[in-house]
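Chemist: Show me the folded form of this:
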Amino acid sequence: MLLIENLHAEIDGKPILKGLTLAVAAGEIHAIMGPNGAGKSTLAYVLGGRPGYEVTAGSVTYKGIDLLELEPHERAAAGLFLGFQYPVEIPGVSNVQFLREALNAQRKARGEEPLSGGEFLKLAKEKAKLLQLDMEMLKRNVNVGFSGGEKKRAEMVQMGILDPEFAVLDETDSGLDIDALRVVGEGINSIMRDPAKGVLLITHYQRLLDVVRPDKVSILADGRIVRTGDADLAKRLEAEGYDGIMAEAAA
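Modeler: As a prediction, this is how the structure comes out:
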């Protein structure tokens, strides 16, 4: 579903990704772990098309399409969703307004009819209930005055409404307490655990993976994937840290 081959990328002339190769199949939740500065967020931003990140070599193929040739809004219309480590605030724009416009723009790009106000509100209430987010929160400006946990739950509601085929989630567990972590993890399972969908889940911690239960885990270090295994690899990282596994990968 997603194939990354020998990807090199830099920002402000500084190389960050240095030959990253990775494949994520349909129906797969693939977790990416790694030390700080390894390039995890850079990978997410490159896939999402964030300005300022220059790809200098390699390729990214999504459902047989050259992803790097698409503009960010075209990637979204093609079914790609990017969840941010630090969701941004948008003063003056309500969540309901933002989400309805985003969904209908994507539906238009796919040749589908837009949802009416009533149809959209019904969908929004369903997804908000799933993520245990008060519907009143969706009437407020996007992320303004939200706690860290509320921002992440609101972002998962956004993912539920847009219903992407592939999600890149950059440290979705950042800033979550135990209860919010469980809700968000179960939301990822409910929305994205599907034979026709895929997830690239970037995280530092095993605790989210206890809920989501990835099919594969890869370690990203110094801009490359150095080790891939099953969910037990994440448990070993939690118990032993990176040093031993990194030494094995370098041998």
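
Chemist: So V60 versus K18, what's the distance?
Modeler: V60 sits 15 Å away from K18, going by C-beta to C-beta, to the nearest Å. Quick note: C-beta positions are derived from backbone N, CA and C, even for glycine.

Chemist: If you count surrounding residues, which of the two has more?
Modeler: V60 (21 against 17; other C-beta atoms under 10 Å).

Chemist: what's the nearest residue to the more buried one if we skip its chain neighbours?
Modeler: Distances taken as C-beta to C-beta, 6 or more residues apart in numbering put L67 closest to V60, at 4.3 Å, once the chain neighbours are dropped.

Chemist: Would you check that the one you found makes contact with G79?
Modeler: No - look at L67 against G79 with C-beta atoms under 8 Å: they stay out of range, at 11.0 Å.

Chemist: so which strand or helix has the residue lying closest to G223 once chain neighbours are set aside?
Modeler: Counting by C-beta to C-beta, 6+ apart, the nearest residue to G223 once its immediate chain neighbours are dropped is K18, at 3.4 Å. Using DSSP states H and E, K18 falls within strand 14-24.

Chemist: now what about that strand, what contacts it?
Modeler: 1-10, 30, 39, 42-43, 46, 53, 56-58, 166, 198-200, 218, 220, 222-225 (C-beta atoms under 8 Å, 6 or more residues apart in numbering).

Chemist: any idea which residue sits dead centre in the chain?
Modeler: The centre of the chain sits closest to L169, judged by C-alpha atoms, centre = their mean, with a distance of 1.7 Å.

Chemist: and L130, what is it in contact with?
Modeler: 157, 160, 187, 190-191 are the contacts of L130 under C-beta under 8 Å, 6+ apart.

Chemist: Render the CA-only coordinates of the helix or strand bottoming out on mean pLDDT in the chain in PDB, please.
Modeler: Least confident helix or strand of the chain, by mean pLDDT, DSSP states H and E, is helix 243-250 with a mean of 72. Coordinates of the C-alpha atoms in helix 243-250 are reproduced here as PDB (Å, rounded to 0.1, in the frame of the first residue of the first chain):
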ATOM      1  CA  ASP A 243      21.800   0.300  23.000                       C
ATOM      2  CA  GLY A 244      21.700  -3.500  22.700                       C
ATOM      3  CA  ILE A 245      19.400  -3.600  19.700                       C
ATOM      4  CA  MET A 246      21.300  -0.900  17.900                       C
ATOM      5  CA  ALA A 247      24.600  -2.700  18.500                       C
ATOM      6  CA  GLU A 248      23.100  -5.900  17.000                       C
ATOM      7  CA  ALA A 249      21.800  -4.000  14.000                       C
ATOM      8  CA  ALA A 250      25.300  -2.500  13.400                       C
END
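
Chemist: list the helices and strands it packs on?
Modeler: Secondary-structure packing of helix 243-250 (3 or more C-beta pairs under 8 Å, 6 or more residues apart in numbering; DSSP states H and E): strand 216-221, strand 224-229, helix 231-240.

Chemist: Of the contacts of strand 14-24, which count as buried by neighbour count?
Modeler: Among the contacts of strand 14-24, those scoring as buried are 1-4, 7-10, 30, 39, 42-43, 46, 53, 58, 166, 198-200, 218, 220, 222-225 (criterion: 16 or more other C-beta atoms under 10 Å).

Chemist: Mind checking which of the residues you listed land in strands?
Modeler: 2-4, 7-10, 30, 53, 58, 166, 198-200, 218, 220, 224-225 (DSSP state E).

Chemist: about what we covered before: narrow the contacts of L130 to those that are buried.
Modeler: The buried subset of the contacts of L130 - by 16+ other C-beta under 10 Å - is 157, 160, 187, 191.

Chemist: Show me which residues of the helix or strand containing K129 are buried.
Modeler: K129 is part of helix 117-130 when elements are defined by DSSP H and E. Of the residues in helix 117-130, 120, 123-124, 127-128, 130 count as buried by neighbour count, 16+ other C-beta under 10 Å.

Chemist: could you turn it into PDB, dropping everything but the C-alphas?
Modeler: Output of helix 117-130 as PDB, limited to C-alpha atoms (Å, rounded to 0.1, in the frame of the first residue of the first chain):
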ATOM      1  CA  GLY A 117     -25.400  20.100   7.400                       C
ATOM      2  CA  GLY A 118     -27.700  17.500   9.000                       C
ATOM      3  CA  GLU A 119     -25.800  14.500   7.500                       C
ATOM      4  CA  PHE A 120     -22.500  16.000   8.600                       C
ATOM      5  CA  LEU A 121     -23.700  16.700  12.200                       C
ATOM      6  CA  LYS A 122     -25.000  13.100  12.500                       C
ATOM      7  CA  LEU A 123     -21.600  11.800  11.400                       C
ATOM      8  CA  ALA A 124     -19.700  14.200  13.700                       C
ATOM      9  CA  LYS A 125     -21.800  13.100  16.800                       C
ATOM     10  CA  GLU A 126     -21.100   9.500  16.000                       C
ATOM     11  CA  LYS A 127     -17.300   9.900  15.800                       C
ATOM     12  CA  ALA A 128     -17.200  12.300  18.900                       C
ATOM     13  CA  LYS A 129     -19.000   9.700  20.900                       C
ATOM     14  CA  LEU A 130     -16.600   7.000  19.800                       C
END
